[in-house]
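J.: After the sequence you'll find the predicted model.
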Amino acid sequence: MIKDGVALLKAAQKLDEEALTAIFDEFAPAIYKYTLRLCHDPIVADNIVGDVFAQLLEQFAQGKGPRTNLRSYLYQTAYHLVVDRSRYNQHTAPLEIAVNMTGKGQSAIPTQTQIEERVLMEGLVTAMNSELTDDQRHVVILRFLEDFSLKETAEIVGKDVNNIKVIQNRGIAKLRKALGLQMDED
Amino acid sequence: MELNPDDKKVIDLLSKLKDSNGAYPSDIFAARREAYLKQVANAGLGLGIGAGIKNILKGSSNNAGTVTTVTGKILEAALIAAIAIEAGTIAYVYRDKIADLVRTYTSSSNVQEVASPSTAPSSPISEMIVTTEVPSITVTTPFGTVTITAGTPSPEIAGNNNTGTPSPDATGNNNTGISSPETVGDTSNNTGSGVGVNTTPKPNGNNGNHYGQTPKPERTKDNNGNDDKNNDPGSGENPDNGNKKDKDK
């Protein structure tokens, strides 16, 4: 089993089956989750995962592909695929897919705090889908849900780091405003 | 750029959203993984061939040693074998067309023998007979119209260079053909028969075999019971007619 990231990447570049399988097992669920957040469709998310890894294989077979940051590369590919699809198909987000806050350890009957938190979260997801621009949504998801750094996010989205900072702050401000209004209503 | 406390609250909420349920369903994940592994297997196969070619190219560019030479020879042999197999397959598939083509070339050199036109046994003359045109007079009688010619067509034997069985009655020329003396038409008994004869075109030096194509003269007057066959010009049944002509000559 190849554990080192660099060794894994080098083995994958030589189309080592074990390395490629390990990469899929490690990154496919995360890519699926990320894609599901963006497109809100489990089938589309699954298809995009397939496309991401097919492109990765193709790149490796041509002697191309990522040299250093495999994770960032995979997210970048997924991001572009999602953007391409969203140009043709505008989805409205079903909230129950995007926000399913019922954890495994939670009891069947939610407490008052849990209900309030759930309302907040649903408000947050609604605001993300309705208030934010595409760029802002991507940056917020990559930065705060996928834990990418500013530099990595800039690479994935294909923008300057300073530009990413501006987009991020504007997005957060919009969410705060939307949640503040909702909190005021509550 | 510092985040204000309200922004921090939003970010905390976002980090909680991170743990929201969005796991890959196990059945979909398994299917996707299986498809991916197939792609990996195919890509690995393709890379194996590609890498081999790449190594060969690298080796040839570096003027490498025996390993590269052996690999090159193996590759060359494989290519030749592949070409031979392909050619054999194509030949097998198109074997009918190839056979037809070969047959066409081989049979085109053969000369077909054409049988010469058979001559009738009753008329063995093979010379060309030329008739001269004779002026005719047409008289209208109460019984009908009678055309009287000044003479019967005088057949002449044209061409003396026949190559055939020599006959003893030749006129002394180089007549080595069958050249029997009988000619079509008789000059002795047909002077008053009034027969209109169509002349054959002049040979103009072409002594082709036109025997049997001399037009038969039409009878325009009753013979009054005269069954003399000698009056029938061109019948060729009187063997003496020709001899008479020859004698006249």
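T.: Cool, the structure landed.
J.: quick one: pLDDT of residue 161?
T.: You didn't say which chain, so I picked chain A. Listed pLDDT for residue A:161 reads 93.
J.: wrong chain, I was asking about chain B
T.: Looking at residue B:161, its pLDDT stands at 46.
J.: And for the one 5 residues further on?
T.: At residue B:166, the model reports a pLDDT of 43.
J.: ok, now residue B:146?
T.: At residue B:146, the pLDDT value in this model is 59.
J.: so where is the chain shaky, pLDDT-wise?
T.: You didn't pick a chain, so chain A it is. Within chain A, the stretches with pLDDT under 70 are A:1-3, A:87-110, A:181-186.
J.: ah, no, chain B please
T.: B:1-4, B:21, B:44-69, B:108-213, B:215, B:221-249.
J.: For the helix ranked longest in chain A, name the packing helices and strands.
T.: Longest helix in chain A by number of residues (criterion: DSSP state H): helix A:161-185. The contact analysis (3 or more Cβ pairs under 8 Å, 6 or more residues apart in numbering or on different chains; DSSP states H and E) places helix A:161-185 against helix A:112-130, helix A:134-140, helix A:150-157, helix B:5-18. For the C-beta atoms, the positions are set from N, CA and C on the backbone; glycine is no exception.
J.: Tell me which of these is the most buried.
T.: Highest mean neighbour count of these: helix A:134-140, a mean of 21 (counted as mean count of other Cβ atoms under 10 Å in any protein chain shown).
J.: Buried residues, the helix or strand in which residue A:84 is found. List them.
T.: Using DSSP states H and E, residue A:84 falls within helix A:70-88. Using 16 or more other Cβ atoms under 10 Å in any protein chain shown as the test for burial, helix A:70-88 gives A:70-82, A:85.
J.: Give me the residues contacting it.
T.: With contacts defined as Cβ atoms under 8 Å, 6 or more residues apart in numbering or on different chains, helix A:70-88 is touched by A:5, A:8-9, A:12, A:23, A:27, A:31, A:34-35, A:38-39, A:44, A:48-49, A:51-52, A:55-56, A:65-66, A:134, A:138, A:142, A:146, A:148, A:152, A:155-158.
J.: Would you map out the domains in chain B?
T.: Chain B breaks down into these domains under automatic domain parsing: B:35-96, B:125-220+B:229-249.
J.: one step back: hey, what's the angle from the longest helix of chain A to helix A:112-130? Just curious.
T.: Here the directions of helix A:161-185 and helix A:112-130 differ by 130 degrees (axes from the mean of the first three to the mean of the last three Cα atoms, to 10 degrees).
J.: Name the residues of helix A:161-185 that are buried.
T.: So for helix A:161-185, counting by 16+ other Cβ under 10 Å, buried means A:164-168, A:170-172, A:174-176, A:178-179, A:182.
J.: would CSV of those with distance to residue A:127 be doable?
T.: Formatted as CSV, these follow (distance: Cβ to Cβ, whole Å):
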residue, distance to residue A:127
A:164, 20
A:165, 20
A:166, 19
A:167, 16
A:168, 15
A:170, 13
A:171, 10
A:172, 11
A:174, 7
A:175, 5
A:176, 9
A:178, 4
A:179, 7
A:182, 8
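J.: quick revisit: export the buried residues of helix A:70-88 to JSON lines and tack on distance to residue B:98?
T.: Formatted as JSON lines, the buried residues of helix A:70-88 follow (distance: Cβ to Cβ, whole Å):
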{"residue": "A:70", "distance to residue B:98": "57"}
{"residue": "A:71", "distance to residue B:98": "62"}
{"residue": "A:72", "distance to residue B:98": "62"}
{"residue": "A:73", "distance to residue B:98": "56"}
{"residue": "A:74", "distance to residue B:98": "57"}
{"residue": "A:75", "distance to residue B:98": "61"}
{"residue": "A:76", "distance to residue B:98": "58"}
{"residue": "A:77", "distance to residue B:98": "54"}
{"residue": "A:78", "distance to residue B:98": "57"}
{"residue": "A:79", "distance to residue B:98": "60"}
{"residue": "A:80", "distance to residue B:98": "55"}
{"residue": "A:81", "distance to residue B:98": "54"}
{"residue": "A:82", "distance to residue B:98": "59"}
{"residue": "A:85", "distance to residue B:98": "55"}
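J.: Quick check: chain neighbours aside, which residue is closest to residue A:59?
T.: The shortest distance from residue A:59 to any non-neighbouring residue, by Cβ to Cβ, 6 or more residues apart in numbering or on different chains, is to residue A:65 (3.6 Å).
J.: Around chain A, which positions in chain B sit nearby?
T.: Contact residues, chain B versus chain A (Cβ under 8 Å from any Cβ of the partner chain): B:1, B:3, B:6-7, B:9-11, B:13-25, B:28-29, B:32-33, B:35-37, B:39-41, B:43-44, B:46-47, B:50.
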